[in-house]
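[1] model this:
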Amino acid sequence: MPKLAIYLFGAPRVELDGKPLVTDTRKATALLAYLAVTRQAHTRDTLATLLWPELDQTRARAALRRTLSALNAAAALPWLHVEREQVALALDDDLYCDVHAFERCLADCPPTGAMPCEPCRARLAEAAGIQHDDFLAGFTLRDSAAFDDWQFFQAEGYRHNLARLLETLVRCASDAQEWAAAIDYARRWLAIDPLHEPAHRQLMQLYAFDRQRSAAIRQYQECVRILDEELGVPPLAETMALHEAILNRELVLPGRAESPPQGLRAAPVAVQSPLVERESAWTALQNACARAADHGQLIVVEGEAGIGKTALAAAFAAEYARQGASVITVSCFEGETALAYAPLATLLQQAAAKPDSRERLAGLDRAWLAEVGRLQPSLLALHAHDLDVRGADPFVAQSRFFEGIAQAIDILLAGGQPGLLILDDIHNADNATLDWLNYFVRRLAVHHLSVMLIWRDGDTPADHRLRQLAGQCERQGNATLITLERLSPAAVVRWVVQALEGAGADTEELARRLFAESEGLPFIVAEYLNLLAGASPLLPDATWPAPGRVQEFLLARLAPLTDIARQVLSAAAVIGRSFDIDTVTDVSGRGEEETMSALEELLARRLVTESGNDQLDFSHARLRQVVYSDLSHLRRRLLHRRAGDALVAAARRSSSEEEIAGLLAYHYQLGGEHAKAAHHAFTAGERARRVYANREAIGYFEQALALGADDICGARIHLGDLHTLMGEYSRAEEAYSAALTCCPPAQRADLEHRLGRLCARLGDTRAATAHFAASQSLLASDEVLQRAELLIDWSLALARTQDDAATDLAQQALAAAEAVGDVAQLARSQALLALLARRRSGLDAAREAGEAGVAAARRQQDPAVLVAALNSLALVYAERGDHTTAIELIEEALSHALRIGDRHREAALRNTLADLHHACGQTEQAMAQLKQAVVIFAEIGDDLGGENAEIWMLREW
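    Here you go, the predicted structure:
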């Protein structure tokens, strides 16, 4: 058996039995690298699109076929498995890949904060020797941005892993006083990130220990130069102190990492609110949860910032869980309003990390689990068989996705008592999450659980959709609204006496002064008591910080922090309200032991709190804002860039990079890495489209364009499609027209087609015909499927005014669809012929064609096609006088249109439904549908800057 070796660190090369394997093109090398690293089979379409994006699918597949043939012609490669639709690289003992060897070393001995054993040290040293250079160093595919992006992020991940193992090897060599080896490892570590100040300090120490004093001093000067040029900041005091020690020959062997003073390890005085003057709210919560056994309940807890909403909810959740109920709490963070479904994704991520929750979700129906997998792909592994996610189809039913999430929450909260879902700071939630919440709350009756929404009243005006939802539930008797007020003087006295028991005779006087300063706001009371817990004197007759100057007050709490703790806290503020230990370690630039000591200090001072699963939170959102705003612009930019890199590396290890693409775009944009930000914004837009978050998707694609996205044409096409779905037709036309100016020639036919379809929606038959004709002239002779789709849309545009021409085009489309066997276009062409036959008074033929169209559409499972087919068939039944059947068909079509989010067609269907109800004498139902149709039609017309009567005339498509 021959042996194949693939080397991907450094310039890529392939050897067969020790001899170089020469490939005819760089694409062949890229193909082997991609198959080797991903370790899975890929469809031919995926590989063709990745490596030949400039070609249409037919020519790209042909190029892939030639490349595979050339590889097999160069040498017999039994590892290369080429099937009809898939290509894979079989991995066995006769195939060596340096990337696999590197990953095996890390899997056997992952670098951690602990000192590794001797065998692990040898494995880590082996890994460092394997990755002697960057992944695919010097290799690029200039005509494939997607491959270059993949290569870039792979390389970044491997560099991150190399940096961590080099740091560990430096510690190992230093511990053994092998200074030469330690210096070699440290220089490689520093080369990966020249701005990493701890690496500079480590190298300075090592030079000094190796009696290279002048080299240590030069290293300090290099550190000063780089920090000044790149960030405009001086070194940390710790680095300058080390430099002084080297100059004065005072350096001693390295000791333990700096720890906070012992006094900080003792728990300070408990200052959490004892829930004084919250008795009535507590009772209301108990009553609401009890009623959920009969009918699901909505609970709203509102109040100003710092009023104690979260504290009340946390205390109640803990007590309710002790009684045997299942409770889920998830927070919506400020700054994440652009991240589609961020709170729901967090909820599912937390569930996936808990064995008992995973066990519950494993019992979820496989269809619902497939929907949940859109937000948390790792959960798809819970089912023994492959699940059909259909992620590439933008028209998959939205309501099934919403119901899938609802079913998952239902099973997670199942138990002997009604479960409780708490959404804290819901006013920070993104629009997509609010869409799901609206869906879920309206169906609480069948779920038998309580949903607690916590919002800040200043951020939820009277017309806010959350208040409208709560109002509707309250009118139905299924909502409990709790408004928290400020504490009375007596309540503050009770709190202080309880918190500072035995503090002395001045306690009550101190409490009265505290009420005057805090004005009864629990957050301010707690902050003053935290100051007291830290032994800061606050005498009743002294001058206290003014409560209106909360920022200065909170900065006073940060003043006693050590430099390391302050640096870690700054990194956490950039990451967000919630952060994990690994990420904050990477972003802060500190070692693991230093970070842990700093976090212990922050926990002791109650600046951060533990929230489980190695997650920590700031004790209050305002504290995080103060820390963040106190950072210089340059420091903030550096930390955002590091946050992006750390999150990418972590996401790659868990194959979840796409899930956090919006967050990555945010960090890289603020970190000044616009190219990376644009890439991730584009990815976030694609993902938002797949989960029906159309408004968020528009924001991401606009962000990608503003940041200089590589695929400008693709972003503009996405925007055109999304604006069309939202009924924003003038913006859709602008996006498509802009795409035409920069698209490759192969895409011009598709863009002309989209513009024609848009003009047809607006009733502009002449413009639509011009675009369709232009598209047809650009199509290649073998693009039969595209031609069928074009002919159908063209026929639809002519259907109202030119029956003969429309019928001829529809018949051509049917013949083309039959020729390629495409079910979707068969369904559309048959539905269209039904529409045209009905016009010619051939109702029997129209019904037959319409039924065939609906049947084909159901097989194809594309809701957009099914909507058109159902509408056409319903109009046939309406003309036959069977209004009952017509209503049933239109209602089904309407449900699918709502899932897609196509507002124009929703309005048209409601208009038709109003006519049908009117014909049946159902005046009330007719008026209800007509009112909704009018509102939507008016909103769509408003986007065009004036009235457009053609918009209101849409009835058939």
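
[2] any regions of the stretch 451-600 of the chain where pLDDT drops low?
    458, 500-506, 531-553, 556 (pLDDT under 70).

[3] show me where it has strands.
    Under the criterion DSSP state E, counting those that start in this stretch, the stretch 451-600 of the chain contains strands at 479-483, 578-580.

[4] which helices and strands does the last one pack with?
    In terms of contact count using 3 or more Cβ pairs under 8 Å, 6 or more residues apart in numbering; DSSP states H and E, strand 578-580 is assigned the packing partners strand 615-618. The C-beta positions use only the backbone N, C-alpha and C, and glycine is treated the same way.

[5] which strands or helices does the helix or strand following the strand it packs on pack on?
    Later in the chain than strand 615-618, the nearest helix or strand by DSSP states H and E is helix 621-629. Under the contact criterion of 3+ Cβ pairs under 8 Å, 6+ apart, helix 621-629 touches helix 550-558, helix 563-575.

[6] helices and strands of this protein: which one bottoms out on pLDDT?
    Lowest by mean pLDDT, DSSP states H and E among the helices and strands of the chain is helix 949-952, with a mean of 49.

[7] Glu610: what secondary structure?
    Secondary structure state of Glu610, per DSSP: H, G, I helix; E, B strand; the rest coil, is strand.

[8] before we move on, back to that, which of the strands of the stretch 451-600 of the chain sits closest to Tyr34?
    Comparing the strands of the stretch 451-600 of the chain by their distance to Tyr34 (Cβ to Cβ), the top pick is strand 578-580, with 30.4 Å.

[9] re the thing from before, turn the strands of the stretch 451-600 of the chain into TSV, including distance to Ala813 and mean neighbour count.
    Listed next are these as TSV, based on distance: least, Cβ to Cβ, whole Å; neighbours: other Cβ atoms under 10 Å:
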stretch	distance to Ala813	mean neighbour count
strand 479-483	52	19
strand 578-580	53	19
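
[10] nearest to Arg754, of the ones you listed?
    Once the strands of the stretch 451-600 of the chain are compared by Cβ to Cβ, strand 578-580 is nearest, at 41.2 Å.

[11] direction included, what does the closest one pair up with?
    When pairs are called by DSSP bridges, strand 578-580 turns out to pair with strand 615-618 (antiparallel).

[12] now tell me what touches the strand it pairs with from outside.
    Residues lying outside strand 615-618 but in contact with it, judged by Cβ atoms under 8 Å, 6 or more residues apart in numbering, are 331, 572-573, 577-581, 584, 599, 603, 607-611, 624, 627.

[13] then it to CSV, C-alphas only?
    Extracted as CSV, the C-alpha positions of strand 615-618 are listed here (Å, rounded to 0.1, in the frame of the first residue of the first chain):
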residue,chain,number,x,y,z
GLN,A,615,-19.5,32.3,33.0
LEU,A,616,-19.3,35.5,34.9
ASP,A,617,-21.4,38.7,34.8
PHE,A,618,-20.9,42.2,35.9
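
[14] quick check: mean pLDDT across it?
    For strand 615-618, the mean per-residue pLDDT is 90.

[15] tell me which residues in that strand are buried?
    Neighbour-count burial for strand 615-618, counted by 16 or more other Cβ atoms under 10 Å, picks out Leu616, Asp617, Phe618.

[16] quick one: which of those residues is nearest to Leu231?
    Taking these together and measuring to Leu231 by Cβ to Cβ, the closest member is Phe618, at 24.7 Å.

[17] what distance do you get for that closest one to Arg636?
    With distances defined as Cβ to Cβ, to the nearest Å, the gap from Phe618 to Arg636 amounts to 16 Å.

[18] same check, this time on Gly708
    Distance from Gly708 to Arg636, counting by Cβ to Cβ: 22 Å.

[19] now Glu118
    Taking Cβ to Cβ, one finds Glu118 at 43 Å from Arg636.

[20] now swap in His723 and tell me
    With Cβ to Cβ as the criterion, His723 and Arg636 are 34 Å apart.

[21] which one of Glu118 and Arg636 has more residues nearby?
    It is Arg636, of Glu118 and Arg636, that has more neighbours when counted by other Cβ atoms under 10 Å, with 18 against 8.

[22] and what about that one, helix, strand or coil?
    On the three-state scheme (three-state DSSP), Arg636 is labelled helix.

[23] okay, now the domains of this structure?
    Structural domains annotated on the chain: 4-130, 169-261, 279-483, 489-549, 557-683, 853-957, as defined by automatic domain parsing.

[24] make a markdown table out of those and add distance to Gln151.
    Written out in a markdown table, the entries for these read as follows (distance: least, Cβ to Cβ, whole Å):
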| stretch | distance to Gln151 |
| --- | --- |
| domain 4-130 | 8 |
| domain 169-261 | 17 |
| domain 279-483 | 23 |
| domain 489-549 | 49 |
| domain 557-683 | 12 |
| domain 853-957 | 35 |
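
[25] tell me which of the ones you listed lies nearest to Asp782.
    With Cβ to Cβ as the measure, domain 4-130 is the member of the domains of the chain nearest Asp782 (6.1 Å).

[26] tell me the buried residues in the top helix by length along the chain?
    Determined from DSSP state H, the single longest helix within the chain is helix 145-175. Buried positions in helix 145-175, judged by neighbour count with 16+ other Cβ under 10 Å: 147-174.

[27] show me where the stretch 151-300 of the chain has strands.
    All strands of the stretch 151-300 of the chain, identified by DSSP E, counting those that start in this stretch, fall at 297-303.

[28] pLDDT below threshold where in it?
    For the stretch 151-300 of the chain, residues meeting the criterion pLDDT under 70 lie at 252-274.

[29] run the last query once more with 50
    Counting by pLDDT under 50, the low-confidence segments of the stretch 151-300 of the chain come to 255-272.

[30] all the helices of it, residue numbers only.
    179-192, 197-209, 213-231, 237-247, 279-291 (DSSP state H, counting those that start in this stretch).
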